[in-house]
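Student: mind looking at a prediction? Sequence and model below.
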Amino acid sequence: MSAMEAGKQLTIIGFGSLLSEKSARSTFPDLTNFRLARVHGYCRVFRHPAGIFFERGIVPQGSMEFSSLSVEPAAGRSIVVAVFETAGLDLDALQKREEEYDLVTTPYQQLDGLEGNGLMCLPLKNDREGFVQRWGEDRFEQSYGRWGLETIWGFGSDSGILPCPVYLRHCVLAAAKAGEEASNSFLDVSFLADRKTSIRQYLEQRPDIMQTQPPESLINRYNG
């Protein structure tokens, strides 16, 4: 961890909405050295629910459109990511913010060729059991159970879980702001839970998603 915490800073790898420096600064206002990089051996997948989407009222009623974004190993693939440092957040605080993930030291290669290591969010091991072991049953109930969710990472490829429209639009806009290479990476190396349908293909089927506006109170939060 010393390389990522040198000078009491954390090096963070963002693969979704954090691709936009504007969006990243809304979460990490004191970030420094924002740059783009590539992480090899991974793809993005919309495969797990986010309780915050229910809490904020952005899940279409009666739908399975409540998925957030994660990454998983994928041989022969790579993703464009954002990398930055932040001194205003310690490791424990970051772990609490990213409660459903493990923070894993991951190598990256900047688009200018420089290499380094950062913290990237990977699915928390052992699903609900792992979450409860780390945070307790009450926190699981608060984050997931009260919305009728019994699992975080247990939605299979045929489960029908789909991206939350407001959040997906947010990520697409963030990637577009990061430039063509980042945008193409997001559209072509991000998949639905079936691991077959790319986000580019999905948006061709669902053009309405890019017209889906967040509630007025969240316009700045979910606008890339």
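Tutor: Nice, I can see it. In this text, all values refer to a predicted model and were calculated from it rather than measured experimentally.
Student: quick one: contacts for Asp208?
Tutor: Pro165 (Cβ atoms under 8 Å, 6 or more residues apart in numbering). For the C-beta atoms, the positions are set from N, CA and C on the backbone; glycine is no exception.
Student: next, it: secondary structure please.
Tutor: helix (DSSP: H, G, I helix; E, B strand; the rest coil).
Student: what's the separation between it and Ser159?
Tutor: 22 Å (Cβ to Cβ, to the nearest Å).
Student: one more: Arg56?
Tutor: With Cβ to Cβ as the criterion, Arg56 and Ser159 are 22 Å apart.
Student: what do you get for Lys196?
Tutor: 14 Å.
Student: now do Pro60
Tutor: From Pro60 over to Ser159 (counting by Cβ to Cβ), the distance is 17 Å.
Student: name the single longest helix found in the protein.
Tutor: Secondary structure of the chain per DSSP state H: the longest helix is helix 165-177.
Student: helix, strand, or coil at Glu150?
Tutor: coil.
Student: could you do Glu129 as well?
Tutor: Classification of Glu129 using three-state DSSP returns helix.
Student: quick one: residues contacting Ser190.
Tutor: Ser190 makes contacts with 43-46, 69, 79, 171, 198-199, as judged by Cβ under 8 Å, 6+ apart.
Student: show me the residues you listed that map onto helices.
Tutor: When DSSP H defines the helices, the subset of these inside them is 171, 199.
Student: can I get the contacts of Ser190 in JSON lines with neighbour count?
Tutor: Putting the contacts of Ser190 into JSON lines (neighbours: other Cβ atoms under 10 Å) gives the following:
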{"residue": "Cys43", "neighbour count": "22"}
{"residue": "Arg44", "neighbour count": "23"}
{"residue": "Val45", "neighbour count": "21"}
{"residue": "Phe46", "neighbour count": "27"}
{"residue": "Leu69", "neighbour count": "22"}
{"residue": "Ile79", "neighbour count": "25"}
{"residue": "Cys171", "neighbour count": "27"}
{"residue": "Ser198", "neighbour count": "18"}
{"residue": "Ile199", "neighbour count": "24"}
